[in-house]
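Chemist: I would like to see how this sequence folds:
(2 chains)
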There are 2 protein chains.
Amino acid sequence: MPVKKIINDPKRVVDESAAGFGLAHADLVRVEMDPIYVVRADAPVAGKVGIVSGGGSGHEPLHAGYVGFGMLDAAVPGAVFTSPTPDPILAATKAVDGGAGVLHIVKNYTGDVLNFETAADLASADGITVRAVVTNDDVAVKDSLYTAGRRGVAGTVLVEKIAGAAAERGDSLDEVAEIAERVNANARSMGLALTPCIVPHAGEPSFVLAEDEIEIGIGIHGEPGRERIKLEPADRLVDRLIEPILEDLPYSEGDRTLLFVNGMGGTPLVELYLAYRRAAEVLEERGVVIARSLVGNYITSLEMQGMSLTLLKLDEEMIELWDAPVHTAALRWGR
Amino acid sequence: MPVKKIINDPKRVVDESAAGFGLAHADLVRVEMDPIYVVRADAPVAGKVGIVSGGGSGHEPLHAGYVGFGMLDAAVPGAVFTSPTPDPILAATKAVDGGAGVLHIVKNYTGDVLNFETAADLASADGITVRAVVTNDDVAVKDSLYTAGRRGVAGTVLVEKIAGAAAERGDSLDEVAEIAERVNANARSMGLALTPCIVPHAGEPSFVLAEDEIEIGIGIHGEPGRERIKLEPADRLVDRLIEPILEDLPYSEGDRTLLFVNGMGGTPLVELYLAYRRAAEVLEERGVVIARSLVGNYITSLEMQGMSLTLLKLDEEMIELWDAPVHTAALRWGR
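Modeler: Next up is the predicted model:
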């Protein structure tokens, strides 16, 4: 029986979807097909640091949804939940090089890190200066399926926005890399899943949860987290995510944070805002100031039901760069 | 066994979610709790036509996500998939009356229409001029569960955006109502479902689909559509939605349209863009110009997997109003 999804052929999902993305957002991006990557319509921007991210597909709008003014210059989609190969990463890197160097933003998964490194080496051999920032904001587990060290998850969206704004205002490659590192160092995330998801070419769920069971600390590919527990009320679930985050990076009274409640793809918004309410309550009790917030499906795992919480400890420069204009398919303000 | 959702208590879902929405978007909205409605933070705007919409919850970001500059002045959420009562609609109408009258945008469901009418009568008795536009863009069925005549679905989002822009530029109540009617008259939609959804207080799916079965012409509350068929490739599914739309409102070569591919909540973006590709292909074959587009989860049915297509035949004024600045939680550009 074919997998129950709106697709034609599991092998053509990423190509056909990228083609549709290119048609829908032709004012913002160009989609190259051989090898496949999504690039800002006006790339390369002369004198601006180029920013490239990428990774397995299935996490949309990450990363292609963030290509445009004030954020990424290119995104490289691999097959679903599979790292892109060095070839398209290299091609994207060349396409966005405006002479000021290129920053790679890489989620910490072994395949992604290796393939971006290889592409960076090849780009360097071609005379392009490349720096890489590896995101690893997930406090759930140390070492995981596919990963040595912590996994890079929702904090990546915040790194891309803030680093993108720094590049857009004309910062140098070292400066853009520095702020990207700083955002990653101040971001902490943790997620949970109520249901698994089905990778199109696999055709069946990558893991199984009982009717009353959830996974705390889930990875964005369905990798195991900390524990499986019985379903609990939302407020308790929020506590289970926010407490390890605040233990890992303590806040003092008056510290400012960006509170990001992210849906895994299949979670209704009504549940994400309900979770936001409790997270805001916990932070208020501790005297933490929610200076900015983001709620929605920004880094997903196909149709998985679940959510993640991310806290980013903000400084003045990060706030300024967060507020700076951005114009992408999935994040837009100020223009 | 409790329903597997991120909630505390099925009876408190709408209240707690609205509270979270108010906290997350305090720069845009105020949330009143007794009776419950979401209103622009700067309401009433003196001299501006106020626009109120509402309906059962579970379709988020509709309608609260569209409250803000350039779109709605207030949104009134009922219980999940249940019309709000006249009380909060009346309160919201009073709260947004800036002296230029108030437009109600109502999706065509019997309960919504009745309750908005009652609220309008009460508001009139209080000296507020109210006009109503009832949306009915769904070509799938004539008469349905909960509805006499066609159902109002995704076209409602487009009506709210364009009428909102007209109100923002200072149009009179009659003018805003006229453009809202015009958008509704030129919008046609049809949807399909791969899976049902679970209303929190019901605890079980409102309908059942076999593993290989889908519903063509689904309503946004899971009402029956035209037929149940076996799953088919995405391109064929898109054809099954777009053909009845184009039959119902034919296009001539060179006509301009807004192509809106909407997810029902649980559908990955990768599938929506894949569907967009085919819809764009069909339109190109017929010489229809896609002048604007929208892709994402804008009017949902909780975690339902499925999608709808909407075509809006555009004139110059609609394009201008579509492009006008908007600043809401779910739709934002130009500021």
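
Chemist: For the rest of this, base every contact and every neighbour count on C-alpha atoms.
Modeler: Noted.

Chemist: All the helices of chain A, in order from the start?
Modeler: Listed in chain order, the helices of chain A (DSSP state H) span residues A:13-24, A:86-96, A:110-125, A:155-168, A:173-186, A:234-248, A:269-285, A:316-323.

Chemist: Tell me which of these sits most buried.
Modeler: Neighbour counts (mean count of other Cα atoms under 10 Å in any protein chain shown) averaged over each of these peak at helix A:155-168, with a mean of 26.

Chemist: Name the residues that touch that one?
Modeler: Residues from elsewhere that reach helix A:155-168 (Cα atoms under 8 Å, 6 or more residues apart in numbering or on different chains): A:48-51, A:62, A:66, A:69-72, A:105, A:107, A:135-137, A:173, A:175-177, A:179-181, A:183-184, A:187-189, A:298-299, A:310, A:312, A:318, A:321-322, A:324-326.

Chemist: And stretch A:109-125, by the same measure?
Modeler: Contacts to stretch A:109-125, defined as Cα under 8 Å, 6+ apart, come from residues A:55, A:83-87, A:89-90, A:93-94, A:104, A:106-107, A:129-131, A:134, A:146-148, A:151-152.

Chemist: among the residues you listed, which ones are buried?
Modeler: Among these, those buried by neighbour count (16 or more other Cα atoms under 10 Å in any protein chain shown) are A:55, A:83-87, A:89-90, A:93-94, A:104, A:106-107, A:129-131, A:134, A:147, A:151-152.

Chemist: near chain B, from those?
Modeler: If you filter the buried ones among the contacts of stretch A:109-125 for contact with chain B, counting by Cα under 8 Å from any Cα of the partner chain, you are left with nothing.

Chemist: show me where pLDDT drops low in chain A?
Modeler: When the per-residue scores of chain A are filtered using pLDDT under 70, no range remains.

Chemist: Show me it divided up by domain.
Modeler: Structural domains of chain A, as assigned by automatic domain parsing, span the residue ranges A:12-186, A:187-319.

Chemist: What about the buried ones among the contacts of stretch A:109-125, which are in strands?
Modeler: When DSSP state E defines the strands, the subset of those inside them is A:55, A:104, A:106-107, A:130-131, A:134.

Chemist: Closest to A:Phe207 out of these?
Modeler: A:Phe207 lies nearest to A:Gly55 out of those, by Cα to Cα, at 21.1 Å.

Chemist: in the sheet, who's paired with that closest one?
Modeler: The residues paired with A:Gly55 through beta bridges, assigned by DSSP bridges, are A:Pro77.

Chemist: Touching, it and A:Pro86? I think so.
Modeler: No. With contact defined as Cα atoms under 8 Å, A:Gly55 does not reach A:Pro86; the gap is 11.0 Å.

Chemist: Pick out the residue in the stretch 51-200 of chain A sitting closest to chain B.
Modeler: Across the stretch 51-200 of chain A, the shortest distance to chain B (Cα to the nearest Cα) belongs to A:Glu60, at 6.0 Å.

Chemist: Measure how buried that residue is and give me the count.
Modeler: Neighbour count of A:Glu60, defined by other Cα atoms under 10 Å in any protein chain shown: 23.

Chemist: Next one: it from B:Ser206, what distance?
Modeler: Relative to B:Ser206, A:Glu60 is positioned 29 Å away (Cα to Cα, to the nearest Å).

Chemist: before we move on, what about A:Ala148?
Modeler: Counting by Cα to Cα, the gap from A:Ala148 to B:Ser206 is 44 Å.

Chemist: what do you get for A:Ile198?
Modeler: Taking Cα to Cα as the criterion, A:Ile198 is separated from B:Ser206 by 23 Å.

Chemist: So is stretch A:227-239 next to chain B?
Modeler: Yes. Remark: stretch A:227-239 sits within contact range of chain B at A:231, A:233-235, A:237, by Cα under 8 Å from any Cα.

Chemist: again, but for stretch A:245-261
Modeler: No. If you take Cα under 8 Å from any Cα as the test, stretch A:245-261 misses chain B, and the best it gets is 8.9 Å.

Chemist: got the buried residues for that stretch?
Modeler: Of the residues in stretch A:245-261, those buried by neighbour count under the rule 16+ other Cα under 10 Å are A:245, A:251, A:255-261.

Chemist: from the residues you listed, which single one is nearest chain B?
Modeler: Taking Cα to the nearest Cα as the measure, chain B lies nearest A:Leu259 of the buried residues of stretch A:245-261, at 8.9 Å.

Chemist: about what we covered before: more neighbours: A:Ile198 and B:Ser206, which one.
Modeler: When neighbours are counted by other Cα under 10 Å, A:Ile198 comes out ahead of the other of A:Ile198 and B:Ser206, with 20 against 13.

Chemist: Find the nearest non-adjacent residue to that one, please.
Modeler: Of all residues not flanking A:Ile198 in the chain, A:Pro205 sits nearest, at 4.5 Å (Cα to Cα, 6 or more residues apart in numbering or on different chains).

Chemist: Isn't that neighbour up against A:Gly222?
Modeler: No. Distance between A:Pro205 and A:Gly222: 9.2 Å, which falls outside the contact criterion (Cα under 8 Å).

Chemist: Please identify every residue contacting each of these two.
Modeler: The contact sets of A:Pro205 and A:Gly222 overlap at A:196-197 (Cα under 8 Å, 6+ apart).

Chemist: Which one of these two is surrounded by more residues?
Modeler: More crowded of A:Pro205 and A:Gly222, by other Cα under 10 Å: A:Gly222, with 23 against 15.

Chemist: need the contact list for A:Gly254.
Modeler: Going by Cα under 8 Å, 6+ apart, A:Gly254 touches A:287-289.

Chemist: Just the buried residues of those residues.
Modeler: Of the members of those, the ones counted as buried by neighbours, 16+ other Cα under 10 Å, are A:288-289.

Chemist: can you pull the contacts of A:Ile36?
Modeler: Under the criterion of Cα under 8 Å, 6+ apart, the neighbours of A:Ile36 are A:15, A:76-77, A:88.

Chemist: change it to 10 Å
Modeler: Residues in contact with A:Ile36 (Cα atoms under 10 Å, 6 or more residues apart in numbering or on different chains) are A:14-15, A:18-19, A:75-78, A:84, A:87-89, A:91-92.

Chemist: separation between it and B:Ala193?
Modeler: If you measure A:Ile36 against B:Ala193 using Cα to Cα, the figure is 31 Å.

Chemist: what do you get for A:Arg226?
Modeler: If you go by Cα to Cα, the gap between A:Arg226 and B:Ala193 works out to 34 Å.

Chemist: likewise A:Leu272?
Modeler: Between A:Leu272 and B:Ala193 the computed distance is 23 Å (Cα to Cα).

Chemist: do the same with A:Leu283
Modeler: A:Leu283 sits 39 Å away from B:Ala193 when distances are taken as Cα to Cα.

Chemist: and what of A:Thr147?
Modeler: For A:Thr147, the distance to B:Ala193 (Cα to Cα) stands at 36 Å.

Chemist: residues contacting A:Met190?
Modeler: By Cα under 10 Å, 6+ apart, A:Met190 lies in contact with A:137-141, A:153-155, A:216-219, A:225, A:238, A:240-245, A:307-311.

Chemist: if you set the cut-off to 8 Å instead, what comes out?
Modeler: A:Met190 sits next to A:138-140, A:217-218, A:241-242, A:245, A:308-310 when contact means Cα under 8 Å, 6+ apart.

Chemist: partners of it in the sheet?
Modeler: A:Leu309.

Chemist: what's the answer for A:Gly296, then?
Modeler: Taking DSSP bridges, one finds A:Asn262 as the beta-bridge partners of A:Gly296.
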